[in-house]
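Peer 1: Just to be clear, the model below is a prediction. Sequence and coordinates:
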Protein chains: 2
Amino acid sequence: MEKPSNRARLVKAPEHFISQELIADINANGLDENRRGFLRKGFMSALGGATAGLVAPLAIAAGEGDPAILEKQEWQTTLGKNVATMPYGVPSIYESNLIRRESPGLTRVSAASVAFTPLQGLFGTITPNGLHFERHHQGWYNINPETHRLMVNGLVKNPRVFTMNDLMRLPSVSRTHFIECGANTGLEWGNVAVPTVQYTHGMLSCCEFTGVPLKVLLEECGADLKKGKYMLAEGGDGSGMTRTINLESCLNDTIVAWSMNGEMLRPENGFPLRLVVPGVQGVSWVKWLRRLEVGDMPWNSKDEAVHYIELMPNGDHRQYASIQECKSVITTPSGGQQLLDKGFYNVSGMAWSGRGKITRVDVSFDGGNNWRTARLETPVLTKSITRFNIDWVWDGSPAIMQSRAMDDTGYIQPSIKTLRNVRGTRSIYHNNAIQSWKLDSNGEVSNVQVG
Amino acid sequence: MEKPSNRARLVKAPEHFISQELIADINANGLDENRRGFLRKGFMSALGGATAGLVAPLAIAAGEGDPAILEKQEWQTTLGKNVATMPYGVPSIYESNLIRRESPGLTRVSAASVAFTPLQGLFGTITPNGLHFERHHQGWYNINPETHRLMVNGLVKNPRVFTMNDLMRLPSVSRTHFIECGANTGLEWGNVAVPTVQYTHGMLSCCEFTGVPLKVLLEECGADLKKGKYMLAEGGDGSGMTRTINLESCLNDTIVAWSMNGEMLRPENGFPLRLVVPGVQGVSWVKWLRRLEVGDMPWNSKDEAVHYIELMPNGDHRQYASIQECKSVITTPSGGQQLLDKGFYNVSGMAWSGRGKITRVDVSFDGGNNWRTARLETPVLTKSITRFNIDWVWDGSPAIMQSRAMDDTGYIQPSIKTLRNVRGTRSIYHNNAIQSWKLDSNGEVSNVQVG
């Protein structure tokens, strides 16, 4: 297991990070000399080509415009592999380092822990389902969808128990939203500069979810939405996970979802049913959803009274602070990566807000003295990840790279100093501060706290 | 191998369709009685619950509003599985039937064949990478990205050979587009009513692609875009796949892409580099892309002169007809599925156009006599899949279900009769006719041709 205190240089990632699926593939398809022991050098090496980019076009040797110089490979004179060799495909063997990773020591048992999404190797906005982050309170399980049930009770005229069949006949919607654990970036509160963006921000994923709108489901059951301002969501795991959902703020866009990114949910993400509460911290997106109860006051459950509360500087605990505020992070380049050469780079990252749409992302390369506005990839969707990109020419000097997002409420992502002034240093949750990456003159990027 | 002439009832899919990954998972995690031999009954069973939906609320037995009736399962008193049990996750064991399938007999060897996407089990618009359709001309291969090169030559001032590192430093964009093989729905020309939507329409996928805009790349090489109206794209496989790209129509939105759905391309889909030509048939989205040549006339290559041409009624061959016209299909319910009960259903499908955005989808349940307008899921993106949904109450009578899409050019998806009047019956490619599914009174859905 990689220690958070080590630099997670992708080129040096240990072999046991190769997934069982890929090992199965290698076993099935043979392992020749070219493949043996190969570990993809990672996106970082993509960043560090030995040749300059836009600002200094490659010197082209004579004849390089001649197609004959492109080397033939074995495959060009033989049949390749068949279609449906993998009825359900897996990534290239050269991508075996792009995996979810647990942060060792974060919790006492790995069934109640976190596996982080490798944001440093992702592109665009969609998180592939195989890399969606995991946060379990009592592990995960293969639930049989045939026997799974969802009860709706409480302040409803017609309490109901739904089968999956019942639910999937109801009108459905498909919407793309981010999900972020409230504790994402939590170690930074204590100035524990974990090495990579996988560990600083990797409790973040973004998927297209499909399911029945909560509003439709509650109306179907005759919910009393005048008295019923709150709803309890209960998961099927052994942790007794229950969360209060504020219906006044969440009724309109919450989904009782069975699908993510086109297919059924993955078991680690709640198969066959989870609550999707856009903009709200991940713990409320209750997995393996088995019960919804409409009520007239918050439940103050274990995971609302003991966990997921925030210790403020005056000693109070802040409770029910569930919205994930506007936030962003540069993912390329980021901690543990290395630029091997001066010159042009596309610097890229993600921005998101639990309040609405991202309207702007500014990027600084000098620790916040000067800012330039990045390009936002479209469409910019509400409560979803927006990818930003900005051109940059690295002159070889040290730099501090930061991104600062704004959303359509006018909110601007704060510095860690500003956030600490209000919230102190004893919080775990809801750290949405500007992230700083230090770039050394040797090209190495590391996690620092600035300003 | 499932024969196209058989009904592909998902409940009866043979066991060898279970993927190796899932078998590995079963081997690793044990196989208890509940799991043994289980084959997921498919989305069809989700459609056919024994209880009625919206129109006839479930009769609730006394006490069903009481949480105590929800059965406890083993997991609720034990720890579940750990995080990162699967560093790269795979679908639930109950989803083992949702896989790509080859159509046997379609080609002489499986290295030059098709594996279809199981549209009947998908939701929303995104195709998970593991289920993206495959169409190879000489199989696929694990290309080493470290040694892969892209040459740009022809009418360019600075012919260049790019490494992946070089390319990934360039400015990138992320955009969601459908890809459809020109031969999709091809068997329907000959009235070969293949049984399921996987085989009628499954050479269709939709992903978020990331890469460098072709325009940026060509400008970087000093392409002469006044003389250079065309571009040859050459793939790295042994089939000698080369395709002419019309730069006048495709320059602005074509991408030289390395990523789909957030991660690197899959080997079957061109890893590490493929051309993304939005709206254009899949064969032009050249995989394992190794060369781009700018020129002043079409190349008339093998795959443009011998294949991918259309025999018209007058004996002429239509060449270079590459745009995928506006099209739609109902995926739920669709051929091979069965409605087990009368009552309310959410009828759902996909619509797309290579010309732009979908503006409307109408659905008929009586073979085209009456039409109702479906809800379109937003955002509606250009040259992308749009999911449509419509409420329907099935009264138990036989029905003919059809969908008819319109795009923002004003084009309306034609009937098969209209299309045959113009194109005859000897085409293979570019069948965008309205699809008809026949629903029998016993709930069985089958592929028919109407009108």
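Peer 2: Cool, the structure landed.

Peer 1: Run a quick neighbour tally on A:E310.
Peer 2: Using other Cβ atoms under 10 Å in any protein chain shown, A:E310 has 18 other residues around it. C-beta: built from backbone N, CA, C; applies to glycine.

Peer 1: Leaving out chain neighbours, which residue sits closest to it?
Peer 2: Spatial nearest neighbour of A:E310, chain neighbours left out: A:R318 (4.2 Å); criterion: Cβ to Cβ, 6 or more residues apart in numbering or on different chains.

Peer 1: State the phi and psi torsions of the one you found.
Peer 2: Per-residue torsions, A:R318: phi -90, psi 130 (degrees, to the nearest 10).

Peer 1: isn't it right next to A:M312, touching?
Peer 2: Yes - the pair A:R318 / A:M312 is scored as a contact, 5.6 Å apart, by Cβ atoms under 8 Å.

Peer 1: Export stretch A:84-97 to PDB, keeping only CA atoms.
Peer 2: Backbone C-alpha positions of stretch A:84-97 (Å, rounded to 0.1, in the frame of the first residue of the first chain) are rendered in PDB as follows:
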ATOM      1  CA  ALA A  84     -15.900  -9.600 -28.100                       C
ATOM      2  CA  THR A  85     -12.700 -11.100 -26.800                       C
ATOM      3  CA  MET A  86     -13.800  -9.200 -23.700                       C
ATOM      4  CA  PRO A  87     -17.700  -9.200 -23.700                       C
ATOM      5  CA  TYR A  88     -17.300  -6.500 -21.000                       C
ATOM      6  CA  GLY A  89     -14.100  -4.600 -21.800                       C
ATOM      7  CA  VAL A  90     -11.400  -3.400 -19.500                       C
ATOM      8  CA  PRO A  91      -8.700  -0.800 -19.900                       C
ATOM      9  CA  SER A  92      -5.500  -1.200 -21.800                       C
ATOM     10  CA  ILE A  93      -2.800  -3.200 -20.100                       C
ATOM     11  CA  TYR A  94      -0.800   0.100 -20.300                       C
ATOM     12  CA  GLU A  95      -3.300   1.800 -18.000                       C
ATOM     13  CA  SER A  96      -2.900  -0.600 -15.100                       C
ATOM     14  CA  ASN A  97      -1.700   2.100 -12.900                       C
END
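
Peer 1: Just give the nearest non-adjacent residue to A:N184, would you?
Peer 2: Computed as Cβ to Cβ, 6+ apart, the closest residue to A:N184 that is not its neighbour in sequence is A:M203, at 3.9 Å.

Peer 1: got a list of what the one you found touches?
Peer 2: Shown in contact with A:M203 (Cβ atoms under 8 Å, 6 or more residues apart in numbering or on different chains): A:V114, A:F116, A:T117, A:F133, A:R135, A:E180, A:C181, A:A183, A:N184, A:G282.

Peer 1: out of those, who has the most neighbours?
Peer 2: Going by other Cβ under 10 Å, A:F116 tops the contacts of A:M203 with 30 neighbours.

Peer 1: domains in chain A, as residue ranges please.
Peer 2: Per the record, chain A has its domains at A:129-318, A:327-448, by automatic domain parsing.

Peer 1: Now for A:K215, how many residues are close by?
Peer 2: By other Cβ under 10 Å, the residues close to A:K215 number 16.

Peer 1: Hmm, it is touching A:L251, no?
Peer 2: Yes - using Cβ under 8 Å, A:K215 makes contact with A:L251 at a distance of 5.6 Å.

Peer 1: lowest-pLDDT helix or strand in chain A?
Peer 2: Lowest mean confidence among the helices and strands of chain A (mean pLDDT, DSSP states H and E): helix A:42-47, at a mean of 28.

Peer 1: quick one on the thing from earlier: the residue nearest to A:N184 and A:F133, how far apart?
Peer 2: 5 Å (Cβ to Cβ, to the nearest Å).

Peer 1: How about A:S328?
Peer 2: Distance of A:S328 to A:F133, computed by Cβ to Cβ: 17 Å.

Peer 1: so where do the strands sit in the stretch 51-200 of chain A?
Peer 2: With DSSP state E, counting those that start in this stretch, the ranges of strands along the stretch 51-200 of chain A come out as A:101-102, A:114-116, A:134-135, A:149-154, A:160-163, A:173-180.

Peer 1: The stretch 251-400 of chain A now?
Peer 2: Under DSSP E, counting those that start in this stretch, the stretch 251-400 of chain A gives strands at A:255-260, A:263-264, A:274-276, A:289-295, A:310-311, A:317-318, A:327-332, A:343-352, A:358-364, A:372-373, A:375-376, A:386-394, A:399-407.

Peer 1: What is the neighbour count of the nearest residue to A:G235 once chain neighbours are set aside?
Peer 2: What sits nearest to A:G235 in space, not counting adjacent residues and going by Cβ to Cβ, 6+ apart, is A:M241, at 4.1 Å. Look at A:M241: counted by other Cβ under 10 Å, it has 22 neighbours.

Peer 1: same thing with A:G367?
Peer 2: A:G367 is flanked by 16 other residues according to other Cβ under 10 Å.

Peer 1: Contact partners for it?
Peer 2: Applying Cβ under 8 Å, 6+ apart to A:G367 gives the contacts A:I400, A:Q402, A:S436, A:V450, A:G451.

Peer 1: let's go with 10 Å and repeat that
Peer 2: A:G367 makes contacts with A:P398, A:A399, A:I400, A:M401, A:Q402, A:S436, A:K438, A:V448, A:V450, A:G451, as judged by Cβ atoms under 10 Å, 6 or more residues apart in numbering or on different chains.

Peer 1: Output the residues you listed as TSV; include the columns neighbour count, pLDDT and distance to chain B.
Peer 2: Converted to TSV, those look like this (neighbours: other Cβ atoms under 10 Å in any protein chain shown; pLDDT from 0 to 100; distance: Cβ to the nearest Cβ, whole Å):
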residue	neighbour count	pLDDT	distance to chain B
A:P398	11	98	20
A:A399	20	98	16
A:I400	17	98	21
A:M401	22	98	15
A:Q402	24	98	20
A:S436	24	97	22
A:K438	18	97	20
A:V448	15	95	24
A:V450	16	87	25
A:G451	15	70	28
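
Peer 1: what stretches of chain A score poorly on pLDDT?
Peer 2: Applying pLDDT under 70 to chain A picks out residues A:1-72.

Peer 1: at 50 instead, please
Peer 2: For chain A, applying pLDDT under 50 flags the ranges A:1-27, A:29-62.

Peer 1: can you pull out the helices in it?
Peer 2: A:20-29, A:42-47, A:164-168, A:197-201, A:214-220, A:247-250, A:302-305, A:416-423 (DSSP state H).

Peer 1: So what's the gap between stretch A:343-358 and the chain middle?
Peer 2: Put simply, stretch A:343-358 sits 13 Å off its chain's centre (Cα atoms, centre = their mean, to the nearest Å).

Peer 1: Next one: that stretch, is it in contact with chain B?
Peer 2: Yes - between stretch A:343-358 and chain B, judged by Cβ under 10 Å from any Cβ of the partner chain, the touching residues are A:G343, A:F344, A:Y345, A:N346, A:S348.
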